[in-house]
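S.K.: What follows is a predicted protein model with its sequence.
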Amino acid sequence: MKRTLLLSIALLSSLIIIEGCGTVKTNSSQVKTDQSKAISLFNGKDLSGWYTFVKGRGTGIDPKQVFTVSDGLIKISGEEYGCITTNEEYSDYKLIVEFKWGPRTFAPRVDRARDNGILLHSTGEDGGYSGTWMYSIECQIIEGGTGDFLVVGDGTDKFSLTSNVAPKKPGGGNVYMPGGQPLTINKGRIDWFARDPNWKDVLGFRGEKDVEKEVGKWNRIECIADGDNLTVYLNGVLVNQAYRVKPSRGKIQIQSEGAEMFVRKVEVIPLAAK
């Protein structure tokens, strides 16, 4: 029978450990994958398997070298908006990305929170959204908000997701909460479960319960696409979940959005057959 995220608050409860700081620890290794078919999407030498897209320039045109490879790392300068995009489409997988922030930021976000993202299930034309990215479902990478979901869609239900959220506070956003009320969105975002309610878009923001490590330290983000379900772990902590995700397959993009970022690992592991 097809798994769903609603299937099991009971199963989730069996995996959860509540830490003193309030984080939710689970074990992503319990997700059944076919390790023998793991695909490394970064060979440490070049961007084979990817192509670049820079806003206002197009595919494969990157004169400022926003996207380069050196010393076994993908360097995303952030100087211009754009992305690297996989040549292939993927579904039913665990995606592992290991990243860290660099010190540099650029206008218009030079004094704002370092911001990038992983765009999953990307479909349609390059630059279809705001002349920059393909329509997609974003796993946000931003200081204080890494693990947020954003619908980077066309405003229709062709790009949407449902998540269980906490009761909304005045002036607050929609925050993921296991066992919360289902909410379906086709634009906007679902914040990770412990996003600081006083978050500000300022450089170097740190929330009291942030799971992301400090600038310059490596982070590991895991995005599990199981049919139309999405689950995100950050540094071993389950931070967000969604279901009834549309679409449920597509290319993968990694953004440049004003902040320097380094990536040392990008791996796709197919889920084991059910």
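M.R.: Thanks, I have the structure now.
S.K.: CA atoms of stretch 217-228 as CSV?
M.R.: Listed next in CSV are the C-alpha coordinates belonging to stretch 217-228 (Å, rounded to 0.1, in the frame of the first residue of the first chain):
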residue,chain,number,x,y,z
LYS,A,217,30.4,25.0,8.9
TRP,A,218,29.1,22.1,6.8
ASN,A,219,25.4,21.2,6.9
ARG,A,220,23.7,18.1,5.6
ILE,A,221,20.2,18.4,4.2
GLU,A,222,18.2,15.4,3.1
CYS,A,223,15.0,15.7,1.0
ILE,A,224,13.0,12.5,0.7
ALA,A,225,10.5,12.4,-2.2
ASP,A,226,8.3,9.4,-1.7
GLY,A,227,5.5,9.5,-4.3
ASP,A,228,3.7,12.7,-3.6
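S.K.: what about the helices in the chain?
M.R.: Secondary structure of the chain (DSSP state H): helices at 9-15.
S.K.: Spatially central residue (nearest the centroid) of it, please.
M.R.: Nearest to the geometric centre of the chain sits residue 139, at 2.2 Å (C-alpha atoms, centre = their mean).
S.K.: And for the nearest residue to that one once chain neighbours are set aside, the neighbour number?
M.R.: In this structure, residue 139 finds its nearest non-sequential neighbour in residue 118, 4.6 Å apart by C-beta to C-beta, 6 or more residues apart in numbering. For every residue, glycine as well, the C-beta is placed using N, CA and C. Other residues near residue 118 come to 25 when the count uses other C-beta atoms under 10 Å.
S.K.: Okay, residue 118 and residue 45: tell me how far apart.
M.R.: Going from residue 118 to residue 45 by C-beta to C-beta, to the nearest Å gives 22 Å.
S.K.: can you check residue 64 too?
M.R.: In this structure, residue 64 and residue 45 are 21 Å apart, going by C-beta to C-beta.
S.K.: Also residue 224?
M.R.: Distance, residue 224 to residue 45, using C-beta to C-beta: 28 Å.
S.K.: between the two, who's got more neighbours?
M.R.: Neighbour count, other C-beta under 10 Å: between residue 224 and residue 45, residue 224 has more, with 21 against 9.
S.K.: Bridge partners for the spatially closest residue to the more buried one that is not a sequence neighbour, pull those for me.
M.R.: Leaving aside its chain neighbours, residue 224 sits nearest to residue 231 (4.4 Å; criterion: C-beta to C-beta, 6+ apart). Residues in a beta bridge with residue 231, per DSSP bridges, are residue 224, residue 241.
S.K.: show me what contacts residue 231?
M.R.: 5, 28, 31, 223-224, 238, 240-241 (C-beta atoms under 8 Å, 6 or more residues apart in numbering).
S.K.: before we move on, what about residue 136?
M.R.: Here residue 136 is in contact with 119-123, 129, 152-153, 159, 250, 253 (C-beta under 8 Å, 6+ apart).
S.K.: partner residues bridging it?
M.R.: Residues in beta-bridge contact with residue 136 (DSSP bridges): residue 152.
S.K.: Check it and give its pLDDT.
M.R.: pLDDT for residue 136: 98.
S.K.: How about residue 19?
M.R.: 37.
S.K.: Which member of the contacts of residue 136 is positioned nearest residue 76?
M.R.: For these, the closest approach to residue 76 (C-beta to C-beta) belongs to residue 253, at 11.5 Å.
S.K.: Quick one: neighbours of that closest one, just the number.
M.R.: Counted with other C-beta under 10 Å, residue 253 comes out at 24.
S.K.: Also residue 228?
M.R.: A count of nearby residues for residue 228, using other C-beta under 10 Å, gives 20.
S.K.: Going forward, the N-terminal residue is numbered 44.
M.R.: Got it, the first residue is 44 from now on, which makes the last one we talked about residue 271.
S.K.: Tell me the confidence at it?
M.R.: 97.
S.K.: how about it, what does it touch?
M.R.: Taking C-beta under 8 Å, 6+ apart, we find residue 271 in contact with 286-289, 291.
S.K.: Which ones among the residues you listed lie within strands?
M.R.: Among the contacts of residue 271, the members found in strands (DSSP state E) are 286-289.
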